[in-house]
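A.B. asks: Below: sequence and its predicted model.
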Amino acid sequence: MEPNIEQKNLLKTLKKYDIIKLLSNLNDTSNRNVYFEQYSTDINIVVDILYTAISDIYGKVVADLGCGNGIFSIGASLMNAKKVYCVEITDSIKIAIENAIKLNIKNIEYHQINVEKFNINVDTTIMNPPFGYQNLGLDMKFFKTAMDISNSIYFIYTAKGENHIKNVFKNYEKKDFKLFKIKNYKLKIPYYYKFHKKDKEYIDISLYMAKVI
């Protein structure tokens, strides 16, 4: 969907550089859990996704599933989301709360629960879900919740999993989602876990949008 006049005015006054500068000051998660495949999302990718999703963020209720340090949640709030739900099972959510306080953001509600237990209906879900590399099937819990609670979903996923993603939305029976592949990125994965063999590695990922039309 194309941004409306109000959304376009926001984009004129709030430049990508401004958002990147604000989000660059956020504290990152230090104790990552390999079981939940916790990785940081590059700030430039985060902001590009937020700008791509502006028509489904501005004035809307948004859920950030697996919010980590809150970068998507805070970014959505800066993009004038009406309300944001930050959902995270690990203690990373404490960092997300601290980051929001630092920027005086007050329209984010935090839920430290398993993503499967979050059942509040929202307009839009934004997420960087696990890819299921270390915990097979974990990604499906995120997709099911996102599809259950919202009609617009923006997410990134490994480029190798395109057929899997198509089947996920095709086989969902409660709603009729249409899936769009928006663009591709290179996601940097620094050395986080013992099984990593390099200081950093880049993997191919894609941004998808799924909508009930």
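C.D. replies: Thanks, I have the structure now. Numbering: from 1, shown residues only.
A.B. asks: Name the nearest residue to the residue nearest to the spatial centre of the chain, ignoring sequence neighbours.
C.D. replies: Nearest to the geometric centre of the chain sits Met127, at 2.3 Å (CA atoms, centre = their mean). Sequence neighbours aside, Leu65 is the residue nearest to Met127 in space, at 4.2 Å (criterion: CB to CB, 6 or more residues apart in numbering). C-beta: built from backbone N, CA, C; applies to glycine.
A.B. asks: Next, the contact list for the one you found, please.
C.D. replies: Val87, Val115, Phe118, Thr125, Met127, Pro129, Phe142, Thr145, Ala146 (CB atoms under 8 Å, 6 or more residues apart in numbering).
A.B. asks: separation between it and Leu10?
C.D. replies: Going from Leu65 to Leu10 by CB to CB, to the nearest Å gives 24 Å.
A.B. asks: try Lys16
C.D. replies: Lys16 sits 12 Å away from Leu10 when distances are taken as CB to CB.
A.B. asks: Which parts of this structure are strands?
C.D. replies: Remark: strands assigned in the chain by DSSP state E are 61-65, 83-87, 108-111, 124-127, 152-158, 177-190, 200-212.
A.B. asks: Next, format those strands as a markdown table and append distance to Phe169 and mean pLDDT.
C.D. replies: Below are the strands of the chain laid out as a markdown table (distance: least, CB to CB, whole Å; pLDDT from 0 to 100):
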| stretch | distance to Phe169 | mean pLDDT |
| --- | --- | --- |
| strand 61-65 | 16 | 98 |
| strand 83-87 | 20 | 98 |
| strand 108-111 | 24 | 98 |
| strand 124-127 | 13 | 97 |
| strand 152-158 | 9 | 96 |
| strand 177-190 | 5 | 89 |
| strand 200-212 | 5 | 90 |
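A.B. asks: Any chance of those strands in JSON lines with distance to Lys166 as columns?
C.D. replies: As requested, these are exported to JSON lines (distance: least, CB to CB, whole Å):
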{"stretch": "strand 61-65", "distance to Lys166": "20"}
{"stretch": "strand 83-87", "distance to Lys166": "25"}
{"stretch": "strand 108-111", "distance to Lys166": "29"}
{"stretch": "strand 124-127", "distance to Lys166": "18"}
{"stretch": "strand 152-158", "distance to Lys166": "11"}
{"stretch": "strand 177-190", "distance to Lys166": "6"}
{"stretch": "strand 200-212", "distance to Lys166": "10"}
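A.B. asks: Out of those, flag the one nearest Lys94.
C.D. replies: The closest of these to Lys94 is strand 108-111. By CB to CB, the value is 9.0 Å.
A.B. asks: What strands flank the closest one, and is each parallel or antiparallel?
C.D. replies: Next to strand 108-111 in the sheet, as set by DSSP bridges, lie strand 83-87 (parallel).
A.B. asks: The strand it pairs with relative to strand 61-65, how many degrees between them?
C.D. replies: Orientation of strand 83-87 against strand 61-65 (axes from the mean of the first three to the mean of the last three CA atoms, to 10 degrees) gives an angle of 10 degrees.
A.B. asks: quick one: contacts of strand 83-87?
C.D. replies: 61-67, 70, 73, 76-77, 93, 96, 107-111, 113, 115, 118, 120, 122.
A.B. asks: switch to 6 Å and redo it
C.D. replies: For strand 83-87, contacts defined as CB atoms under 6 Å, 6 or more residues apart in numbering pick out 61-65, 67, 70, 73, 76-77, 96, 107-111, 115, 118.
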